[in-house]
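Peer 1: any chance you could fold what I've pasted below:
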Amino acid sequence: MRRLRRIKILATLGPASSDSAMIRKLFEAGADVFRINMSHTPHDKMRELVKTIRNVESSYGRPIGILVDLQGPKLRLGSFANGPIQLNNGSNFVLDSIKEPGDETRVYLPHPEILAALKVGDALLLDDGKVRLICEETVGDRAVTRVVIGGKMSDRKGVSLPDTDLPMSAVTNKDRADLEAACETGIDWVALSFVQRAEDVVEAKRMIRGRAAVMAKIEKPQAIDRLQDILDVSDALMVARGDLGVEMPLERVPSLQKQMTRMARRAGKPVVVATQMLESMISSPVPTRAEVSDVATAVYEGADAIMLSAESAAGKYPVEAVSTMNRIGEEVERDVTYRTVVTAQRPDPEATAGDAIAGAARQIAETLDLSAIICWTSSGSTALRVARERPKVPVVAITPSISTGRKLSAVWGVHCVVAEDAKDQDDMVERAGRIAFRDGFAKSGQRVIIVAGVPLGTPGATNMVRIAYVGPSDADV
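Peer 2: This next block holds a predicted model:
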């Protein structure tokens, strides 16, 4: 099951893709990580999906990552007494704390934290940005707004606040219950929705207690303003372009995508580009040309992974969607321009032994035309630092930890093998050669470069580089 591309594919599971046979097809088509959206998945179903994925994983012998995506705070209006209303441009509309059905002049807003935080001039976006209001007056638990862009409004439509810093956690009570249930099943990644500040990530990590890695979803303007702080405490980023495009001008999203992709690479942390990548394949067996270009752009940028949402969860063609992404990734990475772009964006090594060793390994491998970079890693940090270099040659990570292998399934270019830890350096070199040969990364007589930390099994202690021949005896150079 060696992939012929470096970028990874995340596929969301749902009604169209929840049985074992379909999950197998998606994995064979190219899915490296499966996403479970807790907005639509009860705990029993989540546990069933995790069990099914683990069964598929054991039959193929390749680590498969599982990402649980928390719903986060959902801000919604109350209901209307007589059905949908029409909000007209220039009219006033009141949001208040009166628990009664609304009309053309007012509606109940069941979120006192919004009414407390709103300031004059703040924008409110209703129903995914279709209707836009501007706050003109706040009096206690009541906000008077002016309709800037009108439209039809009905019960329980969503509210977005691009200008307002809400004094609320990104982790709701539902999220806490979902998080605990997911961690108990042994999932690998937790995606945290509607992050506003680094403290949101720290709070989630405190609850997770090291049982999973945290991926911060960047979908609010407040997160953009604090991006570096959020990245510093997160294990990965997701460019959640859907909500980001609601709360910010759409024309800013492409540049923000590039900014986040490059920042995450500099930090040596995975970055996932998500939302509407092959949206038309929900109902069509082929994507639009614009969608193909969109996916290709993420590949050219050197993102670690690209994600399918409704395309694989509820669409008519989930396998075709994954296959299409797989083919786009392979084709882009064969392009000479791809290597030029990825190399040009390579960040300078940080002043650490791990970064210096990773940079040296990449340079040696490319200068000597070696067949692969083999990383022995217990925590995954060695493979992350090597992947940050985006080397021309394949990256193979050998780890004794199945948990580490599953997390690395979201990392650019890393082919992960779970194996017993090496007994000593000679055993490490000999088995690295055998694994590279077995998995098709090197032929007999070719050379590989091995990167590890000594003493073996010490997390984060990348400090050794060794070149070895692959052959019947795996003789060391």
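
Peer 1: with adjacent residues omitted, what lies nearest to the residue sitting furthest away from the middle of the chain?
Peer 2: In the chain, counting by C-alpha atoms, centre = their mean, residue 82 sits farthest out from the average C-alpha position, at 41.7 Å. Once flanking residues are discounted, residue 82 sits nearest to residue 103: 7.1 Å by C-beta to C-beta, 6 or more residues apart in numbering. Where C-beta positions appear, they are placed from N, C-alpha and C, glycine not excepted.

Peer 1: residue 441 versus that neighbour, what's the distance?
Peer 2: 67 Å (C-beta to C-beta, to the nearest Å).

Peer 1: higher neighbour count, the two?
Peer 2: When neighbours are counted by other C-beta atoms under 10 Å, residue 103 and residue 441 differ, and residue 441 comes out ahead with 21 against 11.

Peer 1: wait, the more buried one sits on residue 398?
Peer 2: No: at 11.5 Å, residue 441 and residue 398 do not qualify as touching, with contact defined as C-beta atoms under 8 Å.

Peer 1: so after the host helix or strand of residue 405, what's the next helix or strand?
Peer 2: Element membership for residue 405 (DSSP states H and E) is helix 402-407. For helix 402-407, the following helix or strand on the C-terminal side (DSSP H and E) is strand 414-418.

Peer 1: for that next one, name the packing helices and strands.
Peer 2: Contact here means 3 or more C-beta pairs under 8 Å, 6 or more residues apart in numbering; DSSP states H and E; on that basis strand 414-418 packs against helix 381-388, strand 395-399, helix 402-407.

Peer 1: out of the ones you listed, which is closest to residue 334?
Peer 2: strand 395-399 (17.6 Å; C-beta to C-beta).

Peer 1: angle of the closest one against strand 414-418?
Peer 2: Using axes from the mean of the first three to the mean of the last three C-alpha atoms, to 10 degrees, the inter-axis angle of strand 395-399 relative to strand 414-418 is 20 degrees.

Peer 1: now strand 395-399 against helix 381-388, angle please.
Peer 2: Using the same axes, to 10 degrees: strand 395-399 against helix 381-388 is 170 degrees.

Peer 1: in PDB, could you pull the C-alpha coordinates for strand 395-399?
Peer 2: Listed next in PDB are the C-alpha coordinates belonging to strand 395-399 (Å, rounded to 0.1, in the frame of the first residue of the first chain):
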ATOM      1  CA  VAL A 395      10.800   9.400   3.700                       C
ATOM      2  CA  VAL A 396      10.300   6.100   5.700                       C
ATOM      3  CA  ALA A 397       9.500   6.300   9.400                       C
ATOM      4  CA  ILE A 398      10.100   3.200  11.500                       C
ATOM      5  CA  THR A 399       8.600   3.400  14.900                       C
END
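
Peer 1: that strand pairs with which strands?
Peer 2: Taking DSSP bridges as the criterion, strand 395-399 sits next to strand 373-376 (parallel), strand 414-418 (parallel) in its sheet.

Peer 1: mean neighbour count and mean pLDDT for the ones you listed - can I get that in TSV?
Peer 2: Putting the strands paired with strand 395-399 into TSV (neighbours: other C-beta atoms under 10 Å; pLDDT from 0 to 100) gives the following:
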stretch	mean neighbour count	mean pLDDT
strand 373-376	31	96
strand 414-418	23	97
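
Peer 1: dump those strands into CSV; add distance to residue 263 as well.
Peer 2: Below are the strands paired with strand 395-399 laid out as CSV (distance: least, C-beta to C-beta, whole Å):
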stretch, distance to residue 263
strand 373-376, 23
strand 414-418, 20
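
Peer 1: of all these, which one is nearest residue 115?
Peer 2: That would be strand 414-418 among the strands paired with strand 395-399, by C-beta to C-beta, at 47.5 Å.

Peer 1: residues making contact with that closest one?
Peer 2: With C-beta atoms under 8 Å, 6 or more residues apart in numbering as the contact definition, strand 414-418 has outside contacts at 2-3, 62-63, 375, 383, 387, 394-402, 404-405, 408-409, 435, 439, 441.

Peer 1: picking up where we left off before, show me what the helix holding residue 405 is packed up against.
Peer 2: strand 65-69, strand 395-399, strand 414-418.

Peer 1: what's in contact with it?
Peer 2: In contact with helix 402-407 (C-beta under 8 Å, 6+ apart) are residues 63-66, 186, 188-189, 213, 377-380, 397, 399, 416-418.

Peer 1: pLDDT wise, what is the residue nearest to residue 82 at?
Peer 2: Looking at residue 103, its pLDDT is 96.

Peer 1: can you pull the contacts of it?
Peer 2: In this structure, residue 103 makes contact with 80, 81, 82, 85, judged by C-beta under 8 Å, 6+ apart.

Peer 1: hang on, the earlier thing: and the residue farthest from the centre of the chain, how far from residue 226?
Peer 2: Taking C-beta to C-beta, one finds residue 82 at 43 Å from residue 226.

Peer 1: which one of the helices and strands packed on helix 402-407 lies closest to residue 246?
Peer 2: The nearest among the helices and strands packed on helix 402-407, by C-beta to C-beta, is strand 65-69 at 17.4 Å.

Peer 1: circling back: reformat the helices and strands packed on helix 402-407 as a markdown table; add distance to residue 300.
Peer 2: A markdown table is the format used below for the helices and strands packed on helix 402-407 (distance: least, C-beta to C-beta, whole Å):
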| stretch | distance to residue 300 |
| --- | --- |
| strand 65-69 | 23 |
| strand 395-399 | 19 |
| strand 414-418 | 19 |
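
Peer 1: the ones you listed: which one's closest to residue 272?
Peer 2: Residue 272 lies closest to strand 65-69 among those, at 8.6 Å (C-beta to C-beta).

Peer 1: returning to what we had before: ranking the contacts of residue 103 by neighbours, who comes first?
Peer 2: residue 80 (20 neighbours).

Peer 1: in ChimeraX, select just the buried ones from the contacts of strand 414-418.
Peer 2: Listed next is the ChimeraX selection for buried residues among the contacts of strand 414-418, using 16 or more other C-beta atoms under 10 Å:
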select :3,62,63,375,383,387,394,395,396,397,398,399,400,401,404,405,408,409,435,441
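
Peer 1: before we move on, the earlier item: out of the helices and strands packed on helix 402-407, nearest to residue 124?
Peer 2: Once the helices and strands packed on helix 402-407 are compared by C-beta to C-beta, strand 65-69 is nearest, at 25.3 Å.

Peer 1: same for the closest one, what does it pack against?
Peer 2: strand 33-37, helix 43-60, helix 173-185, strand 189-192, helix 402-407.

Peer 1: I'd like the average pLDDT over the first one.
Peer 2: Going back to what we said before, that points to strand 33-37. Averaging pLDDT residue by residue across strand 33-37 gives 98.
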